[in-house]
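Asks: Following is a predicted model, sequence given first.
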Amino acid sequence: MVQKTYPTIGCCGLDCGLCPRFYTVGSSRCPGCAGPDFFNKHPSCSFITCCVKKRNLEVCGQCSEFPCSKFKSNEEYQTAKESSSFPSSKKILPNLNFIKKNGIEKFIEQQNNRIQLLETMIKNFNDGRSRSFFCKAATLLDVTDLTNSLDQANQKIKKGKIKQTDVKRKAQILKQIMERK
C-alpha cells in the first residue's frame, strides 16, 4: 500500500495532524492522510488516487496542475459549514499555496509547532469535551495567539491558585481566552 511521508497534511490541504480524529483513542482514530491503515478506513479518495498513487506527490500543491477542478474556490471554502469531526476547510487552499511557494518541509516545520501547542492543550486542558475546540483553534489561530493564550491561561490558573487537577476549570479559562482571539 501507498503511504505518504507526511500524513499530518492531507493531499487536499486539510490539516490532518490538527484534526480531532487524529487524536482519538481507539478504532475510530484516523491515521492521517495515507497513514498506516488509512485505506482500510477510507478506501477511496480521489485526491490520494491522483496525487499520491498516480503522481507520486505528497500534496496537490506540489502538482504543476494545482489548483485543478477537484478544488472549490477559496470563497466556497471560507463559507463552507464547519464539521466538528474534521479539520477546518478554511485552510485548504492557504496550506497548499504555502507549500507551492515555500515547500512542504517549511510547511511541516510550521505545522509541527501547531501540533506541539495542540498536544499541550490536549494534555493539560482537555476536560473530555474540549478536544475539537482545541483542534479548531490550533488550525485557525496564529501560532503567536496560541502561545499567548496558553501563557495567559497558565498565569490566570497560577494567580487564581487553581489546582492542576481541576481540568474543567482550566479548560474553561483557556477556551475563554481563545474565544477573544
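Replies: All right, it came through fine. Numbering: from 1, shown residues only.

Asks: ranges for the strands of this protein?
Replies: Using DSSP state E, the chain contains no strands.

Asks: where does it have low pLDDT?
Replies: Judged by pLDDT under 70, the chain has its weakly predicted residues at 1-2, 83-87.

Asks: most remote residue from it's center?
Replies: residue 161 (31.9 Å; Cα atoms, centre = their mean).

Asks: Got phi/psi on the residue nearest to residue 92 when sequence neighbours are not counted?
Replies: Nearest residue to residue 92 in three dimensions, chain neighbours excluded: residue 13, at 3.7 Å (Cβ to Cβ, 6 or more residues apart in numbering). In this view, the C-beta of every residue, glycine as well, is placed from N, C-alpha and C. The phi/psi pair for residue 13 (degrees, to the nearest 10) reads phi 100, psi 0.

Asks: Residue 13: neighbour count?
Replies: Counted with other Cβ atoms under 10 Å, the neighbours of residue 13 add up to 28.

Asks: wait, doesn't it sit right on residue 98?
Replies: No: Residue 13 sits out of contact with residue 98 when judged by Cβ atoms under 8 Å, with a separation of 9.4 Å.

Asks: any shared contact partners between those two?
Replies: Counting by Cβ atoms under 8 Å, 6 or more residues apart in numbering, the contacts common to residue 13 and residue 98 are residue 61.

Asks: Report the backbone C-alpha coordinates of stretch 102-115 in CSV.
Replies: Provided in CSV are the C-alpha atoms of stretch 102-115 (Å, rounded to 0.1, in the frame of the first residue of the first chain):
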residue,chain,number,x,y,z
ASN,A,102,7.8,27.6,0.2
GLY,A,103,8.0,23.8,0.0
ILE,A,104,6.5,21.0,2.1
GLU,A,105,9.4,20.9,4.6
LYS,A,106,8.8,24.5,5.6
PHE,A,107,5.0,23.8,6.0
ILE,A,108,5.7,20.7,8.1
GLU,A,109,8.0,22.7,10.3
GLN,A,110,5.3,25.3,11.0
GLN,A,111,2.6,22.6,11.3
ASN,A,112,4.8,20.8,13.9
ASN,A,113,4.7,24.0,16.0
ARG,A,114,0.9,23.9,15.9
ILE,A,115,0.8,20.2,16.7
